[in-house]
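A.B. asks: got a predicted structure here, sequence first:
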Amino acid sequence: ANREYTGRILPEASLSAHVQRGASTFNVAASLRQNVTTEEGTDLLTDLPSGAERELRIKVNRREEPFGRGSVSWALEQGANRSAHLNASVNSGASHLFQTNHVMPRGGGVERDDTLYNRYYLRTVEVGGDVMRPLGGGGIKLVGLVTRRYRNRDDISALVTRSGVSQGGVEQNLKDWRGESVARLTWTRQNLLGWSIEMGGEGALNRLASNLNLAQVNGARGRTIVD
């Protein structure tokens, strides 16, 4: 367990197991991690190249980053050029940022408060493996890997005057899906007339699809979609 300076207790855990049965080896692992930080500080906004000060921002950041991972693998080793492996993993994590600011404009502007909220989520699934068998005095090996990633990201900014009157803001959501599939076939021979030979080919298929939604928000919380 970790203790943040604000007093919050954050549990963490990890687990792993390793089992061997003859030529086969099995591994299983899982972990949970939580990172939480609270920061206080200031930002000073200036014009360039004059260097004139525009705003002083007193801010508080609170960031939470939970992350979980699980994996399993199997390996079969039966001697030279006789092996097989299979691996799979799942990663899931998030990043949340909540920022509050008190903004003091220079030169007599109106003081205000604003907030920024980010919520990012990420999940990745990966499955891969290989198999190798004897061929022509060497070994032929097939390797495959499939990866799938999903992201969901929210960014929300809101402005409020010191008297509590909303001045609107901006909301944005981004979702994307990424897929990658790779296959590789190789043949190797360690000693062919004194030479080490390797030849092969590889193919890959990649795809990315994304969807972005952007909206302007007025003081009455009315939303105007931005194409």
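C.D. replies: Cool, got the structure.

A.B. asks: now do the SS call for Gly79.
C.D. replies: Three-state assignment for Gly79 (DSSP: H, G, I helix; E, B strand; the rest coil): coil.

A.B. asks: per-residue pLDDT of it, please?
C.D. replies: pLDDT, Gly79: 89.

A.B. asks: any idea which helix or strand comes after the helix or strand where Ala183 lies?
C.D. replies: Element membership for Ala183 (DSSP states H and E) is strand 166-192. Of the helices and strands lying after strand 166-192 in sequence (DSSP H and E), the nearest is strand 195-217.

A.B. asks: then that following strand to CSV, C-alphas only?
C.D. replies: Provided in CSV are the C-alpha atoms of strand 195-217 (Å, rounded to 0.1, in the frame of the first residue of the first chain):
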residue,chain,number,x,y,z
TRP,A,195,27.8,-20.4,-43.9
SER,A,196,24.9,-19.4,-41.6
ILE,A,197,21.8,-18.9,-43.7
GLU,A,198,18.5,-17.2,-42.9
MET,A,199,15.7,-16.3,-45.3
GLY,A,200,12.0,-15.4,-44.8
GLY,A,201,9.2,-13.1,-45.4
GLU,A,202,6.8,-11.0,-43.3
GLY,A,203,3.4,-9.5,-43.7
ALA,A,204,1.6,-6.9,-41.6
LEU,A,205,-1.9,-5.4,-41.6
ASN,A,206,-2.6,-2.2,-39.7
ARG,A,207,-5.9,-0.4,-39.2
LEU,A,208,-6.8,2.8,-37.3
ALA,A,209,-10.3,4.2,-36.9
SER,A,210,-11.1,7.2,-34.8
ASN,A,211,-14.1,9.4,-33.9
LEU,A,212,-13.8,12.9,-32.6
ASN,A,213,-16.6,15.0,-31.0
LEU,A,214,-16.1,18.6,-30.2
ALA,A,215,-18.6,21.0,-28.6
GLN,A,216,-18.6,24.6,-27.5
VAL,A,217,-20.6,25.2,-24.2
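
A.B. asks: circling back: how about the strand holding Ala183: buried residues?
C.D. replies: By neighbour count on 16 or more other CB atoms under 10 Å, the buried set for strand 166-192 is 168-169, 171, 186, 188-189. Placement of C-beta: from N, CA and C, glycine included.

A.B. asks: can you check stretch 208-227 too?
C.D. replies: Val217.

A.B. asks: do the same with stretch 139-147
C.D. replies: 139-141, 143, 145-147.

A.B. asks: any idea of the mean pLDDT for that stretch?
C.D. replies: 97.

A.B. asks: centre of the chain to that stretch, how far?
C.D. replies: 25 Å (CA atoms, centre = their mean, to the nearest Å).
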